Structures are given as C-alpha cells and as structure tokens.
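Peer 1: Fold the following and give me the result.
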Amino acid sequence: MFVTKFNKLIKGGFLGTVGLMGSIFFFTKYNTKPHNQSIPPFFSKPAPYIFAHRGGMAVRPEQTKLAFDNAVAHEIDGFETDVRLTKDHELVVFYDNDVDRTTNGSGKISEHTLAELKQLDAGYHFTDINGVQPYRGHEDAKILTFDELLKTYPNQLISVNLQDDPKSEQGQLAPEIIYEIIVANNAQQRVLVSSFYSKQIERFNIISNGTVAIGASQNEVAEGLLKFYTGLGNTFQPRANTFQMFVSFKGIKLTSPKFIKWLNERNIVPGYCGVNNIDLMNDLVFHGAHTLVTDRPDLAQRFKNTYH
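Peer 2: This next block holds a predicted model:
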C-alpha cells in the first residue's frame with residue numbers, strides 16, 4: 001500500500017514537473033520574441049552565393065592562384081579560404097598548421113618567413129583523377145599572402161577563417177593584422193571573417209567595431225542548434241551574422257527545412273560547406289540556404305546555369 005502511494009506520488013510529481021516544463025517551453029517558444037539582427041552588406045548581392053572551398057581543392061592545388069583562377073573561370077561568387085601568420089608576421093593563405101601535406105617543404109607556417117614559404121612548391125603533392133601530379137613546379141603553384149588574394153581578385157567575395165590558436169603569438173596578432181589588410185584594400189564589405197575559435201571572432205569583432213561580417217564558431221552553431229531542438233530557439237542571441245555549417249554535426253543533420261527557416265527568421269544567414277552534389281545544391285537553396293561552399297567550381301557553374 002505504501003509502495004503504491006509512493007509510486008503515485010513520484011508519478012504525480014514527475015508529471016507535474018513535465019507539465020511545468022512543458023508550460024515553460026510553450027511560453028518561451030511562442031511568447032518570447034526572437035532577436036533579429038541586421039544583415040551586413042557582405043550579403044547584399046543576389047543569392048545564392050557559391051564559394052570555392054580553398055579555391056576548389058578537388059581540381060587544383062588548394063589555396064593557389066591556379067585554384068582561384070579556375071574558380072573565377074567557372075563564374076564562382078567567391079572563395080572560402082584560411083589564413084595563418086608567418087614567423088615574420090605576414091598573413092598567408094593556408095589551412096594546415098604545417099606545410100608538409102601540400103608542399104615540398106616541412107615544418108610549421110609559424111616557423112617560416114614569408115620569403116622561405118614563397119620558395120615552396122604548393123602543387124607538389126596535388127594528384128588529379130588520373131593519378132599524376134600535373135602542377136609540380138608550376139609558377140602559379142605558390143603560397144599567397146592574404147593581401148595578394150584581395151588585390152588579385154578585387155571582384156570576389158572572400159570568406160576567410162583565422163586558423164591560428166588564439167593562445168599563440170600568431171593567434172593573438174592575427175585579428176588585428178587581417179583587419180588592417182582588409183581596410184587597406186577597402187574590402188570591408190566583401191570579406192567575411194570566421195574561426196573555429198570563438199575567442200578569435202570576438203577579438204576581430206572588437207577590433208573591427210562590427211564593420212566586417214563575421215561567421216559563427218563551432219560553439220555558437222552548437223548552441224543555436226541545441227536551443228532550436230529543445231524549444232528554446234527564441235532565447236538564442238546570435239553573435240555572428242552567418243552559420244557556415246557542414247550538412248551534419250556529430251551525427252545530427254543540419255539541413256532540416258525548419259532549422260533553415262529558423263535561421264532566416266533571425267537574419268542568421270544559412271550556409272553549408274562540402275556541397276559537392278548538384279541535387280543537394282538545389283535542395284538546400286530551395287529550402288532557403290543562402291551560401292554553398294564546394295570543392296568543385298565546375299559543379300557550381302552547372303548549378304548556376306540551371307538554377308531559377
């Protein structure tokens with residue numbers, strides 16, 4: 001008898017808690033107004049945007065003039081790229097911490113001067129679909145500075161990731177240096193700055209005083225996703241102007257039409273990386289995605305020519 005009453009009390013308490021939590025979620029979901037931010041000039045051109053990932057790394061040596069020229073030839077809207085700071089504090093267009101994977105050199109970017117990096121062959125390891133290395137020794141298979149990228153492609157939008165660890169010397173200096181380069185090239189409205197590190201985005205946004213568009217860190221994307229799925233979406237306060245995401249995150253699909261709609265309702269521009277399939281491009285854009293990042297500029301051109 002006691003056990004039965006105890007079970008009823010537990011059950012009643014549990015249901016009461018669930019009811020209370022449900023009421024809180026209902027109130028939050030339907031009575032809290034979402035925080036809508038303004039959309040920066042970076043996103044003022046007609047959508048969708050198609051960016052070449054590292055210039056289009058599937059078909060040319062990544063982050064080289066060879067890749068960026070090929071992307072432009074395929075009428076790409078811009079580039080998704082990365083930067084790191086050299087030993088002599090020059091900002092170069094490079095993804096990895098070291099040069100071993102993509103060049104004929106070795107060692108960390110931070111341990112080399114720009115002059116030393118310029119001597120390397122950035123097409124050395126690139127292998128095409130036939131298993132050959134057609135760009136070894138090519139004059140355009142060189143590491144570029146971020147300043148060179150902006151000057152060489154003045155009509156392209158550029159989404160750039162700050163790769164250096166914020167705790168390192170390079171990481172502490174990079175946000176200010178990239179801002180100075182952006183201003184010197186009058187590129188405040190055609191550059192989007194992101195980072196895997198929340199700290200780097202915060203530093204840059206303070207330095208730029210919000211004059212340059214910023215992308216969300218992985219932590220901010222995870223926070224937004226969690227609040228969306230738990231019914232607390234209207235409590236989310238975005239710090240970034242865009243979510244540039246993979247199509248899935250730790251096994252969770254991020255391509256839900258409802259999630260894309262939720263982002264658009266808050267003026268968080270939805271973008272997706274690793275989109276190398278025309279059917280996926282069509283599906284994402286149909287449901288409201290704004291920016292697609294691909295390794296295949298040729299596919300991007302085909303999509304652009306057929307999209308209405």
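Peer 1: Lys253 versus the spatially most central residue of the chain, what's the distance?
Peer 2: With the centre of the chain defined as its mean C-alpha position, the nearest residue by Cα atoms, centre = their mean is Gln244, 4.1 Å away. As judged by Cβ to Cβ, to the nearest Å, Gln244 and Lys253 stand 16 Å apart. Every residue, glycine included, has its C-beta placed from N, CA and C.
Peer 1: wait, isn't the residue nearest to the centre of the chain in contact with Cys273?
Peer 2: Yes - using Cβ atoms under 8 Å, Gln244 makes contact with Cys273 at a distance of 6.1 Å.
Peer 1: and for those two, which residues touch both?
Peer 2: Residues touching both Gln244 and Cys273 (Cβ atoms under 8 Å, 6 or more residues apart in numbering): 80, 293.
Peer 1: Where does pLDDT dip in the stretch 101-250 of the chain?
Peer 2: Scanning the stretch 101-250 of the chain for pLDDT under 70 picks out no residues.
Peer 1: swap the cut-off to 90 and go again
Peer 2: By pLDDT under 90, the weakly predicted segments of the stretch 101-250 of the chain are 248-250.
Peer 1: At which residues are the helices of it located?
Peer 2: For the stretch 101-250 of the chain, the helices defined by DSSP state H, counting those that start in this stretch cover 114-118, 146-152, 169-184, 198-208, 218-229.
Peer 1: related to what we said a few turns ago, any idea what the residue nearest to the centre of the chain is bridged to?
Peer 2: Gly271 (DSSP bridges).
Peer 1: ok, now how distant is it from Tyr179?
Peer 2: Gln244 is 19 Å from Tyr179, by Cβ to Cβ.
Peer 1: ditto for Asp295
Peer 2: 28 Å.
Peer 1: okay if I get the helices of the stretch 101-250 of the chain as JSON lines plus mean neighbour count and distance to Trp262?
Peer 2: Shown next, in JSON lines, are the helices of the stretch 101-250 of the chain (neighbours: other Cβ atoms under 10 Å; distance: least, Cβ to Cβ, whole Å):
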{"stretch": "helix 114-118", "mean neighbour count": "16", "distance to Trp262": "43"}
{"stretch": "helix 146-152", "mean neighbour count": "19", "distance to Trp262": "33"}
{"stretch": "helix 169-184", "mean neighbour count": "18", "distance to Trp262": "29"}
{"stretch": "helix 198-208", "mean neighbour count": "19", "distance to Trp262": "21"}
{"stretch": "helix 218-229", "mean neighbour count": "16", "distance to Trp262": "5"}
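Peer 1: Would you reformat these as TSV and include distance to Ala240?
Peer 2: Converted to TSV, the helices of the stretch 101-250 of the chain look like this (distance: least, Cβ to Cβ, whole Å):
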stretch	distance to Ala240
helix 114-118	30
helix 146-152	20
helix 169-184	15
helix 198-208	7
helix 218-229	6
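Peer 1: Which parts of this structure are strands?
Peer 2: 49-53, 78-85, 91-93, 157-162, 191-194, 213-214, 242-246, 248-249, 252-253, 269-273, 291-294 (DSSP state E).
Peer 1: Would you map out the domains in the protein?
Peer 2: 1-31, 37-97+145-306 (automatic domain parsing).
Peer 1: Just name the most buried of these.
Peer 2: Of all the domains of the chain, domain 37-97+145-306 has the most neighbours on average by mean count of other Cβ atoms under 10 Å, namely a mean of 19.
Peer 1: What's the end-to-end length of that domain?
Peer 2: 32 Å (Cα to Cα, to the nearest Å).
Peer 1: Distance from the chain centre to it, please.
Peer 2: 3 Å (Cα atoms, centre = their mean, to the nearest Å).
Peer 1: cool, and stretch 97-110?
Peer 2: With Cα atoms, centre = their mean, you get 23 Å for stretch 97-110.
Peer 1: Now do the buried residues in that stretch.
Peer 2: Using 16 or more other Cβ atoms under 10 Å as the test for burial, stretch 97-110 gives 98-99, 102-103, 105, 109-110.
Peer 1: For that stretch, measure first residue to last.
Peer 2: 8 Å.
Peer 1: Equivalent analysis for stretch 247-258, please.
Peer 2: With Cα to Cα, one end of stretch 247-258 sits 14 Å from the other.
Peer 1: which other residues reach it?
Peer 2: Taking Cβ under 8 Å, 6+ apart as the rule, stretch 247-258 contacts 221-222, 225, 245-246, 272, 274-275, 280, 283-284, 287-288.
Peer 1: With distance to Ser159 added, can I get these in TSV?
Peer 2: Below are those laid out as TSV (distance: Cβ to Cβ, whole Å):
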residue	distance to Ser159
Val221	15
Ala222	20
Leu225	20
Met245	13
Phe246	14
Tyr272	12
Gly274	14
Val275	14
Leu280	19
Asp283	22
Leu284	16
His287	21
Gly288	19
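Peer 1: Report the contact partners of the closest residue to Val221 other than its chain neighbours.
Peer 2: Spatially, and ignoring its direct neighbours in sequence, Val221 is nearest to Phe243 (5.4 Å; Cβ to Cβ, 6 or more residues apart in numbering). For Phe243, the contacting residues are 215-216, 220-221, 224, 263, 268-271, by Cβ under 8 Å, 6+ apart.
Peer 1: If anything else comes up later, I'll come back, but that's it for now.
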